[in-house]
Each structure stands twice: as structure tokens, then as C-alpha cells.
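Novice: when you get a sec, could you give me coordinates for this:
(chains A and B)
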Amino acid sequence: MVDDRVPEDSRYTPNASPAALEAERITRRDEAERERVAETVSFAAQRRLKFDAVRHLMPRWSAKLGWGVVIVGLITLFGLIGPYLVQDPHDSDNPALLPPGPGHPLGTTKLGYDVLAQLAWGTRGSLFIGLVAGVVTLVLAILFGILAGYFGGVLDEFLTLGTNIMLVIPGLPLVMVIAAYFQNTPGLGPLARSSLLIALILGVTSWAGSAVVLRAQAKSLRTREYVAAAKVAGERPMRVIFVEILPNLVPLIAAQFIFGIIFAVLGEAGLSYLGLGPTGSITLGTMLNDAQTGQAVGTGAWWWFVPPGAIIALLGAGLSLINFAIDEVIDPKLRLAPKAARSQRQAERRAAKRASQNKAAKDGVPA
Amino acid sequence: MPFYARRIVFYAITLWATISLNFLLPRLLPGDPAAIMIGKLRRANGGRPLSEETIKSIHAILGTGTGSIWDQYVAYWGRILHGDLGVSSTRYPETVSSLIGAALPWTLALVGTATIISFVLGVGIGAWVGWKRGTWLDHLIPATTLVQSIPYFWLALVLVAVFAVHLGWFPIVGGYDVFAFPDGPELSWPFFVSAVQHAILPIITIVLSSIGGWLLGMRNMMVSTLSEDYVTTAEAKGLRPKHIRGRYAARNAAIPSLAGFGIALGFVVAGSIVMEQVFSYPGLGKLMIQAVQGLDYALMQGVFLVITLAVLAANFSMDLIYGFIDPRVRHSG
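Specialist: Predicted coordinates:
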């Protein structure tokens, strides 16, 4: 029944991975349901829905979202303002390997650098790489995913093949190889080992997952009536994509952007830890690399390697919490189903309580 | 095209793309990796000139060989098909293939075991948490994001600091006790015990870092599946809850987890590579890091190729299983 609504050509999925097929099947199922609901909604309600469209795309305020925004906000603030409030992160006049205490709230490193100062600059460096890589990922994912999903046909075949190849080639080994070549290329000068280059390499290698998700959704959107109406009205394909399709993908795109940032921050940390990170700027990864080469684990200098990892984990967790809230916009079942189950359970409990009260009342009546 | 044929064609193309990428990368950039590599090899050889064959091999693998780019490409394929991945400069005079051959079993065993444990535990717990939707267990879900966002290698550092350095329960580095077995790996019970002891912390690291993804994915699918009409029908029929949970909901909810297995595997492999550095584990990750740090281009490319091959093989076998479990993908071509 669901398949009847989808035209023949879009059901044909060239070289799609099972994951992509599954994503598509879920999309298709949800779409059928949405249409069923839409048919029963009155005309007046439909107009109201139209006005609510923007609010409908915004995540609902919840504890998860609140925590996520607070965590990410605090870390971003720390990265933005922190560097101006701390001492020079390369000031080696301090005593070495000082545990946390007055003057140095997070202690010092083997070279006498203040860990808090390093952490502030490192947070700024990691956030910069995360944002740049996130934007690159997003642009490529939109390019590959939405174009493939919207146009279909031969273009879809090629773009999907490219996406699926990038999806199965393990990312970090590829990044390591590319970074190793780039960093020893003569003629690149200071760019060769800069944060910017690292961010670009991370972005260029990690867009495939997002492209798969966006393609499935774009493919389902293009069969909607309003897209057909726009086409019949003679709109150019690019206008249809940017005006009719893209706004409906905003929650999904936001989720992919956030995912891209998490991936890049984690990737940078791994890359820098292995000594392939940027030189000249501090990131959370280079801090961990310094801690590794400075034998921080063996000497028990926990204040050196615990804070940078904790910031990475907290940032990732905060961003994921925001993504949860967005997920609930994309798939309302995730929000509604647990609520329904809870209210059903409460109703059952109330019924049981009432039954036992009735029983007690009956038993209480002297014979 | 039938499902299996389509998948085989896809993996063949991916394989070709990977090997071609490996061929192109050193040639795309202005530097001359082959010259750097030959210089390093000569130093490793104590300044004596290298054999004609070695130089030819390095040129074929890293470029700047004789002839047109097409001739170089053909020569490159010839080398790869004969299993000749060049000579390592950091571990001269060992060949890249022999180094990889020694390291591969360690990584396969470690990552394989950890991934299976993590998958089974994650999907199992996820199914249960999804079944208990709307209870206090829902509040545990946000906690998994924290676990998931922890870099593998940092978790490894913390575990080593606590359990190996501070408490002394586990060995700190290596894949086995190098003092008890100075001649290298051997087939004996004590060696096996030593290897298992050294593998416990790395396995815990991988399981802890990767379980969150499985758990969350399975939980969300379970919640979606439980609101399907056929589940309501099953409840209305009065089937036992255990029956509904296992045969109706969990089975169907697990399908996307299986489908996503391959993609998740890429993340696990990436995490494990960096993690091996923390434990000095004698696997592919450590080899890769050595190669990158020592600019041993031949070794670096060889390891990248083998890691990609292993991930492709795992993906392919997962696709076969998937096609067997879910007949819809076989027919919805």
C-alpha cells in the first residue's frame, strides 16, 4: 500500500547499502502515516498548521535540550572568553608538574605550562576545527545527498556510488594517510600543519553518512504535491531545491551539522594524539599528545590528561543532547510513544488502586 | 540485478576505488615520497646501495617510476596482485607484507571479540530499555551520549592510569609478556593466558566506547516498533509480554542495527587504531602509527590498504547475512 504512492523510478535504488534502504523504508512509512493524518485534518486546521510550520520545525523545550544548550554554551564561552582571562599558555616559568592548587587551579605540565591556560586555548582550537569541518561536511552532504535524491537517474547512481564508497572506507586511516602526505608536501608553507588544513581534511572525509540520510529524505520529499506544483508552475530545479525542499530538511540538516562537529572534534583529538595534529596552535588533541609524550599517565599527573578528554566528552554529550531534541522533531514517535506508555501504565495503576480501595471498602463493611 | 550480484559489483568497485586512491595519493601532491623513502631505506641499509629490485618496487608503489601514468598504474596493480607492498624503512629489511602479516591477527582478534561483545550487549540492553519505555530507564539514555562522546584513547588512558598503574590489576603495555616470552608469540597455554590478560583492558575500552551507539539505536527502533499496529494486535490477542517483546518487537527492531553494523565498524576500527598506541598493542594500529611518524610511506599505504580490505570484507559478510535475514532487501531492487 505504501509502495503504491511512490513512483516506479524512485523505488529503484542503485547500489544502496542496506542501511540506506532501511532509512528509506522508515521515511516512506512515516510519510504514509503523515498523509493519512493530513487527510483527516480540516481545512481550518490545515491553515493553522501552516502558520505553526516554523514552530513545528523547532525542537520542543525539554530537560535534555536545556542541559545540552547549557553544556555547549558554557564550553563555547570558555573557548571564546577563557583565553583572555588566563596566563600565557606557553609560559614555562612556573614550577613543573604542579598538582592543582592555588595559583594554578588545574596544575602545570612537565614544561611548567599552566593547564587551565592550555585548556582555554585548546578548547578554542578544537571548536574552530569542529566548526570548519562541520560546515565542509554539511556542504558536501547537501551536494551529494540532496542532488542525488532530488534528481534521481544517472546522477543519483553516480553520487550514491561515491557516497557509499566513502561510507565504507574507514575514515581515520584515510585521514592519517592524507595528513601524512600533506604535511610533508613542500610548498605549502605554514598551511601544511595548520588547524585549517586539518579541519578541511576531516570535513572532506566524513560527509558520507549525512549524505545518505539527506538523500533518503530528499527523495521522499520530491514526490509531495507541493513540489510537483512548484515544478508545474515552471520553477527552476535549483529554486525548487532551495525554496521548497531545503526548508523542510532544516531539522535533519541541523542534526547532521551537530554530528559533523562531534565527529571532527573527536577526529582531531585522535589525529593530534598520534602526532599528526596542527603545530603552532593548541587544541585539546595536542594537549593529550603532550601528556602522552610527557609520560603523564606513568607519573600519575592526572590533572594533565583528564581535563582535555573531559571537555571533549562533555562537548560531545552536550551536542548529542541537543541532537536528541532534534531527533524528536524528526520522529515524533520517539517523544509520543514513551509518553503514551507512561500514561497507560499510570492509568492501569490507578485502576488497580481503585479496585483495591473498593475491595477494602467492601471488606471493611461489617457483615 | 539480484541483491547479491549488486552487492558484489559494489564491493568490486569500492575495492578498485580504494586501490586507485592508494595509487593516486602520493602522485597527486607535489612532493616526492619515493625519493624520501629511498633515502630512508639507504640510511637504514647502512649507506650501502640498495638492490635494483627494491628501488623498482618502491618506485612502482610510490610513483615517479618510468613510463606514462598508465604504465605506472599497470605496474602498481602487478605489484599489489603479487602481494608486494614494498620494503619498510622503519623496520628495514622487513617487507611490508610480513610486518602486516604479524600484526593482523592481534587486531582482528581484539577488535573482533570486542565488537561482538559490544554488539550483543548493546542490542540486548537496548531492546530491554526500549521495552520499558516511559519508565525511569528513559533517563539513562542521555548518559549513553556521554559514554559515546569519550575518545577511545582517552578512556584507555584513564583505565590504564586507574587499573594498571594505580591498582596494578592489569599489565600496562603490550600484547603479551615480552619478558616471559622473549622469542615472540608461541602456541602454548601460558602464552594464551598472557595474551588474554593483556587484551582485557583494550577490550573493555572498545566495548565501553562503542556500546552506547548500539544501545541507543536499538532502543529507538524498539520504541518505534512497539507502536506498530501488529504489536497492538499481538497485545490484543493476549499473547504473553515475553513473546511480544522477543518475537514481535525485538526481531524487527534489530534489523537496522544489523544494517548499520558495517558503518559502525568503521568507527570502531578508527578508535582502535588510536587506542593501540596507548597500550602499545602489537596490532595494525601501532604499525600504522609507526609508519606515519617515521614517514615510512610504503608501510603506511600497505596498512591502510589492509585495514580497508578487512572492513570491506566485514561489511560484505554482514550484507550477506542481512540479505538472508531480511528478504525484503533481496526483492526491493
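
Novice: model confidence for the residue lying closest to A:Ile146 once chain neighbours are set aside, exactly?
Specialist: In this structure, A:Ile146 finds its nearest non-sequential neighbour in A:Ala218, 4.5 Å apart by C-beta to C-beta, 6 or more residues apart in numbering or on different chains. Any C-beta I mention is one placed from the backbone N, CA and C, and that applies to glycine too. Per-residue confidence (pLDDT) for A:Ala218: 86.

Novice: please report phi then psi for A:Gly101.
Specialist: Phi and psi for A:Gly101, reported as degrees, to the nearest 10, are phi -170, psi -170.

Novice: next one: A:Asp91
Specialist: Torsion angles at A:Asp91 (phi, psi; degrees, to the nearest 10) stand at phi -90, psi 110.

Novice: any idea how far the helix or strand that the residue nearest to A:Ile146 is a member of is from the chain center?
Specialist: Assigned by DSSP states H and E, A:Ala218 belongs to helix A:208-221. What separates the centre of helix A:208-221 from the centre of its chain is 15 Å, taken as C-alpha atoms, centre = their mean, to the nearest Å.

Novice: same deal with stretch B:5-15?
Specialist: On C-alpha atoms, centre = their mean, the centre of stretch B:5-15 falls 20 Å from that of its chain.

Novice: just stretch A:157-172 next, same as before
Specialist: 19 Å.

Novice: circling back to that earlier point, how close does the residue nearest to A:Ile146 sit to A:Val250?
Specialist: 13 Å (C-beta to C-beta, to the nearest Å).

Novice: same check, this time on A:Gly285
Specialist: Distance, A:Gly285 to A:Val250, by C-beta to C-beta: 31 Å.

Novice: neighbour count: the two, which is higher?
Specialist: A:Gly285 (33 against 14; other C-beta atoms under 10 Å in any protein chain shown).

Novice: can you show me the helices along the stretch 201-350 of chain A?
Specialist: Counting by DSSP state H, counting those that start in this stretch, residue ranges of the helices within the stretch 201-350 of chain A are A:208-221, A:225-232, A:237-239, A:250-273, A:284-293, A:302-330, A:333-364.

Novice: equivalent analysis for the stretch 1-150 of chain B, please.
Specialist: Listed in chain order, the helices of the stretch 1-150 of chain B (DSSP H, counting those that start in this stretch) span B:3-28, B:33-44, B:52-62, B:69-81, B:96-131, B:141-149.

Novice: so where's the stretch 251-367 of chain A uncertain?
Specialist: Within the stretch 251-367 of chain A, the set of residues satisfying pLDDT under 70 comprises A:364-367.

Novice: looking at it, which residue is nearest chain B?
Specialist: Residue nearest to chain B within the stretch 251-367 of chain A: A:Gly316 (2.3 Å; C-beta to the nearest C-beta).

Novice: ok, that residue touching B:Thr144?
Specialist: No: between A:Gly316 and B:Thr144 there is no contact under C-beta atoms under 8 Å: 11.5 Å.

Novice: compare neighbour counts for the two and give me the winner.
Specialist: Using other C-beta under 10 Å as the criterion, A:Gly316 and B:Thr144 rank with A:Gly316 on top: 26 against 22.

Novice: B:Trp70 and B:Ala60: what is the separation?
Specialist: Applying C-beta to C-beta, the value for B:Trp70 to B:Ala60 is 13 Å.

Novice: more neighbours, the two?
Specialist: Set B:Trp70 next to B:Ala60 and count neighbours by other C-beta under 10 Å: B:Ala60 wins out with 23 against 8.

Novice: contacting residues around B:Ile211?
Specialist: B:118, B:121-122, B:125, B:144, B:147 (C-beta atoms under 8 Å, 6 or more residues apart in numbering or on different chains).

Novice: show me just the buried residues among those residues.
Specialist: B:118, B:122, B:125, B:144, B:147 (16 or more other C-beta atoms under 10 Å in any protein chain shown).

Novice: apart from its chain neighbours, what residue comes closest to the second one?
Specialist: Same thing as B:Gly122. In space, and not counting its chain neighbours, B:Gly122 is closest to B:Trp214: 2.6 Å by C-beta to C-beta, 6+ apart.

Novice: just the fourth one next, same as before
Specialist: Using C-beta to C-beta, 6+ apart and skipping the chain neighbours, the partner closest in space to B:Thr144 is B:Gly212 (3.8 Å).

Novice: and the last one, by the same measure?
Specialist: Setting aside the residues directly before and after it, B:Val147 is nearest to B:Gly212 in space (C-beta to C-beta, 6+ apart), at 4.5 Å.

Novice: mind checking the SS state of that neighbour?
Specialist: helix (DSSP: H, G, I helix; E, B strand; the rest coil).

Novice: how far away is it from A:Leu147?
Specialist: 33 Å.

Novice: how about the secondary structure of A:Met166?
Specialist: Reduced to three states by three-state DSSP, A:Met166 is helix.

Novice: so it touches A:Thr205, yeah?
Specialist: Yes: when contacts are counted by C-beta under 8 Å, A:Met166 is listed as touching A:Thr205 (7.4 Å).

Novice: next secondary structure after the helix or strand harbouring B:Ala234?
Specialist: Here B:Ala234, judged by DSSP H and E, is contained in helix B:229-236. Note on helix B:229-236: by DSSP H and E, the next helix or strand toward the C-terminus is helix B:241-243.

Novice: show residues contacting that next one.
Specialist: Taking C-beta under 8 Å, 6+ apart as the rule, helix B:241-243 contacts B:Ala234.

Novice: and it, how far out from the chain's middle?
Specialist: Mean-position distance between helix B:241-243 and its chain equals 36 Å (C-alpha atoms, centre = their mean).

Novice: which of the residues in the helix or strand just after that helix are buried?
Specialist: Using DSSP H and E, the helix or strand that follows helix B:241-243 towards the C-terminus is helix B:251-259. Across helix B:251-259, burial judged by 16+ other C-beta under 10 Å covers B:252-259.

Novice: and stretch B:232-242, by the same measure?
Specialist: Going by neighbour count (16+ other C-beta under 10 Å), the buried part of stretch B:232-242 is B:Ala234.

Novice: and what of stretch A:134-149?
Specialist: Buried-residue list, stretch A:134-149, by 16+ other C-beta under 10 Å: A:134-138, A:140-142, A:144-149.

Novice: what's next to it, contact-wise?
Specialist: A:155-156, A:159-160, A:162-163, A:199-200, A:202-204, A:206-208, A:210-219, A:221-222, A:241, A:245-246, A:249, A:253, A:256-258, A:260-261, A:263-264.
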